[in-house]
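Engineer: Quick one, what's the 3D model for this:
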Amino acid sequence: TEKQEETNVSKKYKLINVAGVDNQLQATIEEISSGQNKRISVGKELDGYIVKSISLNEGIVFEKDGETESLNIGK
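Structural biologist: Sure, this is the predicted structure:
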């Protein structure tokens, strides 16, 4: 559906890096349309998505309405 396209995090953002230690990881993402960087951490909300986890291997896992979506480095 068109509405889903708008809020699709993997189309709107790209993952720049993941930094921190163990369960205190933070990620820096870039909004593709504006080039603006944002720092996010687990539990934060982004466009209605909740950040479920951040890891070096998995990237960022977002959850919205019971569905998950991930954003990986190099996408």
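Engineer: if I pick residue 16, what's in contact with it?
Structural biologist: The contact partners of residue 16, taken as Cβ atoms under 8 Å, 6 or more residues apart in numbering, are 27-30, 37. For glycine as for every other residue, the C-beta is placed from the backbone atoms N, C-alpha and C.
Engineer: Can you tell me who residue 29 pairs with across the strands?
Structural biologist: Here residue 29 sits in beta bridges with residue 15, residue 38, as judged by DSSP bridges.
Engineer: can you give me the helices for this protein?
Structural biologist: Residue ranges of the helices in the chain, as given by DSSP state H, are 2-7, 9-12.
Engineer: Now do the shortest one: which elements does it pack against?
Structural biologist: Put plainly, it is helix 9-12. strand 67-71 (3 or more Cβ pairs under 8 Å, 6 or more residues apart in numbering; DSSP states H and E).
Engineer: Which positions within stretch 20-33 qualify as buried?
Structural biologist: With burial defined by 16 or more other Cβ atoms under 10 Å, the residues of stretch 20-33 counted as buried are 25, 27, 29.
Engineer: Nice, that's everything, thank you.
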